[in-house]
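# Here you go, sequence then predicted model.
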Number of protein chains: 2
Amino acid sequence: MTQTSKRPPRQRCCEPLGSVLSPRLFKALCDPNRVAILARLAESCGPSTVSQVAECCPVNLSVVSRHLAQLRDAGILHAEKRGKEVHYSIRAEELVSTLRAIADAIERCCAGADQAAKKRGAP
Amino acid sequence: MTQTSKRPPRQRCCEPLGSVLSPRLFKALCDPNRVAILARLAESCGPSTVSQVAECCPVNLSVVSRHLAQLRDAGILHAEKRGKEVHYSIRAEELVSTLRAIADAIERCCAGADQAAKKRGAP
DNA sequence: CTCATATTTGCATCATGACGCAAACGAGCA
DNA sequence: TGCTCGTTTGCGTCATGATGCAAATATGAG
């Protein structure tokens, strides 16, 4: 038996987190080079081309191109083709509100957990 | 030549993001099972044991144990041994403020980028 | 059209990580 | 002490992903 009966097995004190806590965002950001690319894009003023971004990490240009495409597919970056170049920029508003939504959801969930803990501790 | 000379190569419009944008957090959260574990811990009221957490994902208990240790090492979870059991809980305050710090830093950076873009566009 | 530059893609290789199983470890209990 | 339960760890396997190189594609210039 893996489940002790001391505690209700699946009590929930808040909205489900699965909707905001998407692995897609974290999966896109789990590679150090992609994080460096994101930082590079945030710190540079305005959009950058693939070649410019490639300066930030010591990998092949084609790898940077793939990383950028991955971040774009995850909804983190915006890509705009201008002539021969592709200009990548951060979808800052979306990213920021996603991060804040996650933070808010966790805060709400665990505030509820604290309340429940107090209720259990001193009823 | 990979660097065009049209644009200053490394203009920076904000504080560096490397300090807040640590790959460690994202690396810990890039696995779907770990995200599910985090959601499970957030939604349950108060700490849970390894066996309880293991209900949320269809993998071996030992794997869940490893995932929990990984999240703990990343500073996301808190572990407390009580007798034979280990109770894991989310370090909610730290996690929430980390996420908000990232959001704030990106927002500041890209607000600066917008200003710089406007300045470049209509000087 | 031909060429040069910027980017993407196909492919092979290699490292990392997730997983399951079994054994080990630690704590309570008879 | 011996036993059981909960958890962790060692180890081998397998899948996934990052990388580099070369070829393909796209676009602008001459």
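Here it is on my side, so go on.
# Backbone dihedrals for A:Ser89, both of them.
Dihedral angles phi and psi of A:Ser89 (degrees, to the nearest 10) take the values phi -150, psi 160.
# What separation do you get for it and B:Glu80?
Separation of A:Ser89 from B:Glu80 (Cβ to Cβ, to the nearest Å) stands at 44 Å. C-beta: built from backbone N, CA, C; applies to glycine.
# who's more crowded, the two?
For A:Ser89 against B:Glu80, the residue with the higher neighbour count under other Cβ atoms under 10 Å in any protein chain shown is A:Ser89, and the figures read 18 against 10.
# what does the model give that one for pLDDT?
A:Ser89 is assigned a predicted lDDT (pLDDT) of 97.
# Next: A:Cys110.
With respect to pLDDT, A:Cys110 scores 83.
# so it touches B:Arg91, yeah?
No - the pair A:Cys110 and B:Arg91 fails to qualify as a contact (Cβ atoms under 8 Å) at a distance of 9.3 Å.
# the more surrounded of these two?
In this view A:Cys110 and B:Arg91 are compared by other Cβ under 10 Å, and A:Cys110 has more residues nearby, 25 against 16.
# residue contacts, that one?
Contacts of A:Cys110 were listed using Cβ atoms under 8 Å, 6 or more residues apart in numbering or on different chains, and they are B:42, B:90, B:92.
# swap in A:Leu38?
A:29, A:71, A:76, A:90, B:17, B:21.
# Point out the least confident member of those residues, please.
B:Leu17 (86).
# ok but it is inside a helix, no?
No - counting by DSSP: H, G, I helix; E, B strand; the rest coil, one finds B:Leu17 to be coil, located in no helix.
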